[in-house]
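*Asks:* My questions are about this predicted structure, shown below with the sequence.
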Amino acid sequence: MPSDSLRAWQRRALTKYLSTRPRDFLAVATPGAGKTTFALRVAAELLADRTVDQVTVVAPTEHLKHQWSGAAAQVGIALDSRFSNTTGQTSSDYHGVVVTYAQVAAHPFRHRVRTENRRTLVILDEIHHAGDAKTWGEAAEEAFADATRRLALTGTPFRSDDSAIPFVRYEPDGEGALRSRADHAYGYADALADGVVRPVVFLAYSGEARWRDSAGEEFSARLGEPLTPEQTSRAWRTALDPNGDWIPAVLRAADTRLAQLRSSGIPDAGGLVIASDQAAARAYAELLTALTGQTPALVLSDDPGSSARIAEFGSGTAPWLVAVRMVSEGVDVPRLAVGVYATSAATPLYFAQAIGRFVRARRPGETASVFLPSVPVLLDLASQLERQRDHVLGKPHRQSDGLDDQLLVQANRQQDEPGAEEPAYVALGADAELDQVIYDGASFGTATIAGSDEEADYLGLPGLLDADQVRLLLRERQARQLDRAAGVDATVAQPAGSAAVTSGGSAAVTSGGSAAVTSGGSAAATSGGSAAVLGELRRELNSLVALHHHRTGKPHGVIHGELRRQCGGPPTAIASAEQISARIAALRSW
């Protein structure tokens, strides 16, 4: 592997490593940057100069074991990915083995003996997994304490907790905590500037969700509005219900975006739906089959059959793959360009792992599009994609928002598994609206219903664009959308029972049961403020909130909260026409 075949960051990291030759080295690089290539180059150098006699790679999953073995074979390093604890040995034809963290934890002493018997380079892939479970960390420390060299890799934000990760150096951060110290770091912002990763455009969809609790009481809330943790969780899970309207609308939009990419420069572009559980994954696959006429690849568990299905999808041209967690970390499918984040997992760690599946660049100009629920925690993670995080000891790893890793544990249970409980609520349905588009930490666009011309503008972005062109076109589309809104005066709140006339001559009822006249001059009778009128008022309010967001920079949820404090009343999703009209008037007065 000649040095001129390495990327600039890989050459810099290799130079730093070879000039210092430390026993421990931590490389933090964004997903898609090429950590595997860097690590294998280090292994080749240390094998060539006889610093080490063998290599042990520790990976998070069985699938990644085989992926590491294949990548190593391409550069002349033979790694046995089928090594088992039972035999404890491998052929002398191999330069080493690939194992999982769980495999090491099952028999750390056996791996310690292998490490002691020969000078060993241990590559710890996604080292943060050694901090996920105390037994994994302790086992890794016992097994590899005597390794000649240890190279730790990670591409995701570290969590903050009190479990030190083995072989990682910590230093005081000046605030009473200890912070991990990387020997070489290469973040998403650097990789984007270098053209190593794709620009990622996030399309956040809101909508009104409705559910019934165990006591039979019905609730309604809008995704993205300030809600309690329980309301947020239930509204989010209701939106993800395959029997509602939100998921079909978002899948339809995502398929439209994928078709645009495939027809405008990326003919083999693929899409991935990340589901919360196996039952949802099957249901989403059925929806995609009905929508596209093609059955998507379905990956439900970490087994050899799943690895084969991922490999087949990666090397083919089929449009869609649906998975629960197999494709959340490390799995290399470079043609993935469209994602649907249809899961309730909300930690920075998992989010970064998932988004990392779409950022791998193959040629200049490829972009990635990820569709996600308009939930504050996800919007924050999307807007901070470029933020670099270290592992911190002594601080809570996230604010308590009711959305923690336990949801991920629940997500991967089958419905009939022991411990899988019936939900304490029943989802009644949710509709979908494109709330905003997030790119490079900035928000673009105003709320628009799924299937509208405004949504089509964003879904129709060309397939091949560089980072600056993405930003420019998003600004143009936002300006066009705002011009449309300014061209037709929005309905002004009127006294109960009256009609409010727009600049086009039409009228819309506010409340009290008056007639609503369409732009064509016809009238539609209403009674007490119909659902259609409520929907129009909500859309108008959301559009005005979006305008205020772009003028002030305040998040949509904050603006909705200020309106509720000033005008009173419940969340928009369950507010009356009169209450929404009052908020519209208040917002206009601002």
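*Replies:* The structure has been received and is ready for your questions. Predicted model, so just to flag it, every value in this text is computed and none were measured.
*Asks:* Helices of the stretch 201-350 of the chain, start to end?
*Replies:* 229-239, 246-263, 278-292, 304-315, 348-355 (DSSP state H, counting those that start in this stretch).
*Asks:* Likewise for the stretch 401-550 of the chain?
*Replies:* Going by DSSP H, counting those that start in this stretch, the stretch 401-550 of the chain shows helices at 406-411, 453-459, 467-487, 531-552.
*Asks:* Could you export those as JSON lines, including mean neighbour count, distance to residue 258 and mean pLDDT?
*Replies:* For the C-beta atoms, the positions are set from N, CA and C on the backbone; glycine is no exception. Output for those, formatted as JSON lines (neighbours: other CB atoms under 10 Å; distance: least, CB to CB, whole Å; pLDDT from 0 to 100):
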{"stretch": "helix 406-411", "mean neighbour count": "16", "distance to residue 258": "24", "mean pLDDT": "39"}
{"stretch": "helix 453-459", "mean neighbour count": "19", "distance to residue 258": "10", "mean pLDDT": "86"}
{"stretch": "helix 467-487", "mean neighbour count": "15", "distance to residue 258": "17", "mean pLDDT": "79"}
{"stretch": "helix 531-552", "mean neighbour count": "19", "distance to residue 258": "26", "mean pLDDT": "72"}
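*Asks:* closest to residue 128 out of those?
*Replies:* Of all the helices of the stretch 401-550 of the chain, helix 406-411 sits nearest to residue 128, with 14.5 Å by CB to CB.
*Asks:* Got the domain ranges for this protein?
*Replies:* Domains of the chain are assigned by automatic domain parsing as 3-186, 198-483, 488-589.
*Asks:* Quickly, which of these bottoms out on average pLDDT?
*Replies:* Mean pLDDT per stretch puts domain 488-589 lowest among the domains of the chain, at a mean of 59.
*Asks:* on that earlier part again, can you tell which of the domains of the chain is closest to residue 192?
*Replies:* Among the domains of the chain, the nearest to residue 192 by CB to CB is domain 198-483 (5.9 Å).
*Asks:* The closest one: how far from the chain's middle?
*Replies:* Computed by CA atoms, centre = their mean, to the nearest Å, the separation of domain 198-483 from the middle of its chain amounts to 6 Å.
*Asks:* Spatially nearest residue to residue 36 (excluding sequence neighbours)?
*Replies:* Nearest non-adjacent residue to residue 36, counting by CB to CB, 6 or more residues apart in numbering: residue 71, 5.2 Å away.
*Asks:* Which of the three states applies to the closest residue to residue 147 other than its chain neighbours?
*Replies:* The shortest distance from residue 147 to any non-neighbouring residue, by CB to CB, 6+ apart, is to residue 122 (4.5 Å). Assigned by DSSP: H, G, I helix; E, B strand; the rest coil, the conformation of residue 122 is strand.
*Asks:* Can you report how many residues lie near residue 122?
*Replies:* Residue 122: 26 surrounding residues under other CB atoms under 10 Å.
*Asks:* What distance do you get for it to residue 53?
*Replies:* Applying CB to CB, to the nearest Å, the value for residue 122 to residue 53 is 13 Å.
*Asks:* what number of residues lie near residue 434?
*Replies:* Neighbour count for residue 434, taken as other CB under 10 Å: 29.
*Asks:* and it, what does it touch?
*Replies:* The contact partners of residue 434, taken as CB atoms under 8 Å, 6 or more residues apart in numbering, are 203-205, 253, 445, 447-450, 452, 454-455, 458.
*Asks:* wait, doesn't the residue nearest to residue 36 sit right on residue 38?
*Replies:* No - the pair residue 71 / residue 38 is not scored as a contact, 11.3 Å apart, by CB atoms under 8 Å.
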